[in-house]
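S.K.: fold the following for me, if possible:
(one chain, ligands or ions: 1)
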Amino acid sequence: MTVDWKSQIKRLVDRGAEYADVRYYPKQEEDFMFMWNGNFLAFNRSEESGFGVRVLVDGAWGFAASSDMTSPGETFDRAFANAAAAAARIKRPVRLADKEVLSGRFESPCGEDPFEVPLADKVAMLRDIDSFIRQPGVIQRRVKLSTVRKTIEYYDSEGAEIEKHIVDIFPSMQVAAFDDTGMMQSRKYLPPRLAPTRGWETMDLEHWRLQADRIVSEMRQLVEAPKCPEGRMSVILMPDMMYLQVHETIGHALELDRILGYELSFAGGSFVRLNDFGTLRYGSPKLNARADATLINSPGSFGFDDEGVAAQNRMLIDKGILVGAITSRQMVVEANERGGREIFEGSGGACRACAFYRTPIERMTNINIDPGQDGSLEDIIRQTERGVVLSGEKSWSIGSNREQFHFSTDIGWLVEDGERRGIVKDCAYSGMTLDFYRSLTAVGDETTWKVQYVDNCGKGAPGQIMQLGHGVPVCRFDNVKVGE
Ligand SMILES: [Zn+2]
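M.R.: Okay, here's the model as predicted:
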């Protein structure tokens, strides 16, 4: 049945609501296929449908959601009653930053919709990829494919009317074997976004075959390799490691709700203070970071966020200086009030929910590092006295305020006097976030720049899992602590 969402919103405004919005998901679908050593370990499909209503009454939020479409007015009334009950208890009335009221439609670029591909073809694709990595020396093979498809209709009391249709695909493969000490050594491949689209057509079998041969060869060398040396040296992060470094120590650190303390009970806080914006030297002058929700082929692009704010491309760190954050309408008003100055101008359009029954919160879009002037990976290696090239995240541990970190990686290549000296295993590095970015001394050009996806970013209470991307180049950091 069709619901007249706009008249339901008007009804709440007539009752005294300052603001109301509704997100209606006619359908949100997710498929997850996980093949382990040639057998399916998981083969899941989920479908959800429903709507969520947010309403502001006397400065307090109320929220309610339902998948029952027969009496939607009851859910709108419940959201209103929740807000009215909360209004008696709040200390700081919520106000929303002004926005441009937009109507529009967004469709993620997709050649062939993966949900229209016959199941037998998907199974065959996974079997093919599995056959590429089924090679001597490999004792564990993992092939994963998850796909997402959702349509979201959005209406609010300011007049926005938006429809989004988003399709995305997240494939990966991994191989592992034991080394002579009995430790597992592995290599994996999560393909960077090479195509301009986000559909089934991006699954190029020949590409997977080449990458499979590469990761198997690297894994075989890893099980024979010496341990990574310890000490202070340069680290050169490949995009498939740099993306996680950026995710954890720039992305999460710059979510404005974390900076204001709203995530302390769950994901944690941030070392960044409101008076840091505009002055804090976050990194060396080579560091340019941005939140770019306009990068077309990445899961962090969605046209309009879940407050109806259009996708934006905003600087977060400009030549090393902190200038921006990942923001929503509510948090920028509160931050400007608490900071006593106009720190943020309007919402950055980064407020998203993972489902109709969750409220939108600050989420990363595509948190990217601009390519630099230091040439290719080989150029950077040539200018490195002593260091290690690191690829593939293996484990991570990050301070709850993101002020320090420790990562280990699948593989490393030692560099001495400008030359690669061979593969090393059990690589780890750690540091203080600001010291680390201030020691950024080389940023690769656009030939090294890759868009890596993240399909499992967790945040919020109750928890929300979100998808996004990071476009990052090869980067070198000097004088980094390498080793356990
Ligand atoms: Zn995350």
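S.K.: what about the helices in the stretch 101-250 of the chain?
M.R.: 119-133, 205-224, 239-246 (DSSP state H, counting those that start in this stretch).
S.K.: ok, Thr151 to Gly52 distance?
M.R.: 14 Å (CB to CB, to the nearest Å). C-beta: built from backbone N, CA, C; applies to glycine.
S.K.: look at those two and report which has more neighbours.
M.R.: Gly52 (23 against 17; other CB atoms under 10 Å).
S.K.: surely the more buried one touches Gly62?
M.R.: No. Counting by CB atoms under 8 Å, Gly52 does not reach Gly62; the two are 11.3 Å apart.
S.K.: pLDDT below threshold where in the stretch 101-250 of the chain?
M.R.: Within the stretch 101-250 of the chain, no stretch falls below the threshold (pLDDT under 70).
S.K.: in CSV: the helices of the stretch 101-250 of the chain, plus mean neighbour count and distance to Val175.
M.R.: Converted to CSV, the helices of the stretch 101-250 of the chain look like this (neighbours: other CB atoms under 10 Å; distance: least, CB to CB, whole Å):
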stretch, mean neighbour count, distance to Val175
helix 119-133, 16, 5
helix 205-224, 17, 5
helix 239-246, 25, 15
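S.K.: need those helices in JSON lines with distance to Leu287, can you?
M.R.: Shown next, in JSON lines, are the helices of the stretch 101-250 of the chain (distance: least, CB to CB, whole Å):
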{"stretch": "helix 119-133", "distance to Leu287": "36"}
{"stretch": "helix 205-224", "distance to Leu287": "29"}
{"stretch": "helix 239-246", "distance to Leu287": "10"}
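S.K.: what's around Thr279, how many residues?
M.R.: Residues near Thr279, counting by other CB under 10 Å, number 9.
S.K.: equivalent analysis for Arg232, please.
M.R.: Neighbour count for Arg232, taken as other CB under 10 Å: 12.
S.K.: once you drop chain neighbours, what's closest to it?
M.R.: Distance criterion CB to CB, 6 or more residues apart in numbering; nearest residue to Arg232, sequence neighbours excluded, is Asn479 at 5.3 Å.
S.K.: give me phi/psi at the one you found?
M.R.: phi 60, psi 50 (degrees, to the nearest 10).
S.K.: list the residues that contact it.
M.R.: Residues in contact with Asn479 (CB atoms under 8 Å, 6 or more residues apart in numbering) are Arg232, Met233, Ser234, Ser439.
S.K.: now it: how far from Gly231?
M.R.: Taking CB to CB, one finds Asn479 at 10 Å from Gly231.
S.K.: now swap in Gly199 and tell me
M.R.: 46 Å.
S.K.: so for the closest residue to Leu287 other than its chain neighbours, what's the pLDDT?
M.R.: Nearest residue to Leu287, sequence neighbours excluded (CB to CB, 6+ apart): Gly320, at 4.9 Å. If you check Gly320, the pLDDT there is 98.
S.K.: dihedrals phi and psi, Gly320?
M.R.: According to degrees, to the nearest 10, Gly320 has phi 90, psi -10.
S.K.: now Lys227. Nearest residue, chain neighbours left out?
M.R.: That would be Asp426: by CB to CB, 6+ apart, it lies 5.0 Å from Lys227.
S.K.: same deal with Val454?
M.R.: Val454 sits nearest to Leu468 (CB to CB, 6+ apart), 5.3 Å away.
S.K.: what helix or strand is that neighbour located in?
M.R.: According to DSSP states H and E, Leu468 maps onto strand 464-472.
S.K.: domains for this structure, by residue range?
M.R.: 5-224, 231-482 (automatic domain parsing).
S.K.: so of those, which one's packed in deepest?
M.R.: Highest mean neighbour count among the domains of the chain (mean count of other CB atoms under 10 Å): domain 231-482, with a mean of 20.
S.K.: CA atoms of stretch 373-382 as PDB?
M.R.: What follows is stretch 373-382, C-alpha atoms only, in PDB (Å, rounded to 0.1, in the frame of the first residue of the first chain):
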ATOM      1  CA  GLN A 373      54.400  14.800  -6.100                       C
ATOM      2  CA  ASP A 374      56.700  12.000  -5.100                       C
ATOM      3  CA  GLY A 375      56.300   9.700  -8.100                       C
ATOM      4  CA  SER A 376      55.600   6.000  -8.200                       C
ATOM      5  CA  LEU A 377      56.200   3.300  -5.500                       C
ATOM      6  CA  GLU A 378      59.600   2.600  -7.100                       C
ATOM      7  CA  ASP A 379      60.500   6.300  -7.100                       C
ATOM      8  CA  ILE A 380      59.800   6.400  -3.300                       C
ATOM      9  CA  ILE A 381      61.700   3.200  -2.600                       C
ATOM     10  CA  ARG A 382      64.700   4.600  -4.500                       C
END
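S.K.: hmm, who's touching that stretch?
M.R.: Outside stretch 373-382, the residues touching it (CB under 8 Å, 6+ apart) are 236, 238, 286, 383, 389, 415, 418-420, 442-445, 447-448, 474, 476.
S.K.: repeat the analysis, applying 10 Å as the threshold.
M.R.: Stretch 373-382 is contacted by residues 234, 236, 238-239, 286, 372, 383, 387, 389, 413, 415, 417-420, 441-445, 447-448, 473-476 when judged by CB atoms under 10 Å, 6 or more residues apart in numbering.
S.K.: SS state for Asp374?
M.R.: Under the three-state scheme (DSSP: H, G, I helix; E, B strand; the rest coil), Asp374 adopts coil.
S.K.: where does it land on pLDDT?
M.R.: Model confidence at Asp374 (pLDDT) stands at 98.
S.K.: now it: how far from Tyr437?
M.R.: Distance, Asp374 to Tyr437, using CB to CB: 16 Å.
S.K.: please apply the same query to Glu201.
M.R.: Counting by CB to CB - Glu201 and Tyr437 are separated by 37 Å.
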